[in-house]
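Novice: quick one, fold the following:
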Amino acid sequence: EGALIRRRQDAGLTKGRCGSNQPARRVPWILAAFDAALIPLRKLDLFRRALPPKLFEAMASGVPLVLSVEGEAKDLVTAANAGDCVEPENPQAMAAASGSAY
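Specialist: Down below sits the predicted model:
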């Protein structure tokens, strides 16, 4: 957590917050206070079959969801009409999708 906060400060990023670790049961309520949930995953075959736990928490929160992944997680989000899915490792697509999430 400390390294992430320092990296954020070094980059001069002011939008967004870093918080402390929270119990899993609180995460959907915390996410519900967000404007959007972004789940960026790398373009790796490993993630084509992955269903990240944070995906379910984000879907449960009811906030707009932007997921950058291909495979099972994308299929789930698309079938549930639960958010926008974009190409992994494409920051322009992520920014465009998060802008349309409002």
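Novice: for residue 79, see how far away residue 73 is.
Specialist: Distance, residue 73 to residue 79, using CB to CB, to the nearest Å: 11 Å. C-beta: built from backbone N, CA, C; applies to glycine.
Novice: which one's more surrounded, the two?
Specialist: Legend: neighbour count by other CB atoms under 10 Å for residue 73 and residue 79, higher for residue 73 (22 against 8).
Novice: just the CA coordinates of the host helix or strand of that one, formatted as CSV?
Specialist: Element membership for residue 73, per DSSP states H and E: helix 72-80. Provided in CSV are the C-alpha atoms of helix 72-80 (Å, rounded to 0.1, in the frame of the first residue of the first chain):
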residue,chain,number,x,y,z
GLU,A,72,-14.9,-15.9,-19.3
ALA,A,73,-15.1,-12.7,-17.3
LYS,A,74,-15.9,-10.7,-20.4
ASP,A,75,-18.6,-13.3,-21.3
LEU,A,76,-20.1,-13.1,-17.8
VAL,A,77,-20.2,-9.3,-17.8
THR,A,78,-21.6,-9.1,-21.3
ALA,A,79,-24.3,-11.8,-20.6
ALA,A,80,-25.4,-10.0,-17.4
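Novice: what does the following helix or strand past that helix contact?
Specialist: Next in sequence after helix 72-80, counting helices and strands by DSSP H and E, comes strand 84-86. Outside strand 84-86, the residues within contact range by CB atoms under 8 Å, 6 or more residues apart in numbering are 64-69, 74, 77-78, 93-94, 96-97, 100-101.
Novice: ranking those residues by neighbours, who comes first?
Specialist: Within the contacts of strand 84-86, most neighbours by other CB under 10 Å means residue 67, with 28 neighbours.
Novice: check what pLDDT it gets.
Specialist: For residue 67, the pLDDT comes out at 93.
Novice: surely it forms part of a strand?
Specialist: Yes - under the criterion used here (DSSP: H, G, I helix; E, B strand; the rest coil), residue 67 sits inside a strand.
Novice: could you give the bridge partners of it?
Specialist: Note on residue 67: beta-bridge partners by DSSP bridges are residue 39, residue 85.
Novice: how close does it get to residue 90?
Specialist: 12 Å.
Novice: which neighbours do these two have in common?
Specialist: If you check residue 67 and residue 90 against CB under 8 Å, 6+ apart, no residue is contacted by both.
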